[in-house]
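Chemist: sequence below, structure please.
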Amino acid sequence: MTIELTYLAATLVLALVQILLPAFARTREFGLSWNAGARDKTPEARSPVVGRLERAQANLFETLPLFIGAVLIAQVADRTGALTAWGAALYFWARVAYIPLYALGVPYIRSLVWLVSLAGLALCLLALFIRV
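Modeler: Numbering: from 1, shown residues only. Down below sits the predicted model:
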């Protein structure tokens, strides 16, 4: 498996983790009976961390389809190389760093890390159009 596909697989595991983190945080806050119920009336979270984890998850899901597409097209079109390897690594590690920064409410650095992930995605997309 190529490095790009390895990072893609790791990013999918990360996406699963980001689904579970806010779910566990909400269950911890509202209890197991709330989680097992129909959740018709979800109360407002008291802890800001719950909302932050949900927003971090939504943020990943905004760019994840683009990352998946870029990596898979690069594989199929035989356009992998330094750009896609660096791009996939930047995207993945920045997304890993983004979670605690967002959960802890760290401003500016969180945005900078998001830009790094976007740069990684851009490198993967760029590789589809130029050969390095």
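Chemist: what segments of this structure are helices?
Modeler: Using DSSP state H, the helices of the chain run over 3-30, 32-36, 48-76, 82-103, 109-126.
Chemist: relative to Val132, which of those helices is closest?
Modeler: When those are ranked by distance to Val132, counting by Cβ to Cβ, first place goes to helix 82-103 at 5.5 Å. Heads up, the C-betas are built off the backbone N, CA and C, glycines and all.
Chemist: contacts for that closest one, please.
Modeler: Helix 82-103 has contacts (Cβ atoms under 8 Å, 6 or more residues apart in numbering) with 3-4, 7-8, 10-11, 14, 18, 21, 49, 52-53, 55-56, 59-60, 63, 67, 70-71, 74, 109-110, 113-114, 116-117, 119-127, 130, 132.
Chemist: verify the stated contact: Leu8 with Ile68.
Modeler: Yes - the criterion here is Cβ atoms under 8 Å, and Leu8 meets it with Ile68 at 6.5 Å.
Chemist: these two: which has the busier surroundings?
Modeler: Regarding Leu8 and Ile68, a neighbour count based on other Cβ atoms under 10 Å identifies Leu8 as having more, with 22 against 14.
Chemist: that one - nearest residue in space that isn't next to it in sequence?
Modeler: Distances taken as Cβ to Cβ, 6 or more residues apart in numbering put Val71 closest to Leu8, at 4.7 Å, once the chain neighbours are dropped.
Chemist: contacting residues around stretch 7-26?
Modeler: Contacts with stretch 7-26, where a contact means Cβ under 8 Å, 6+ apart, come from 1, 34-35, 42, 45, 47, 49-50, 53-54, 56-57, 60-61, 64, 67-68, 71-72, 88-89, 91-92, 95-96, 99, 103.
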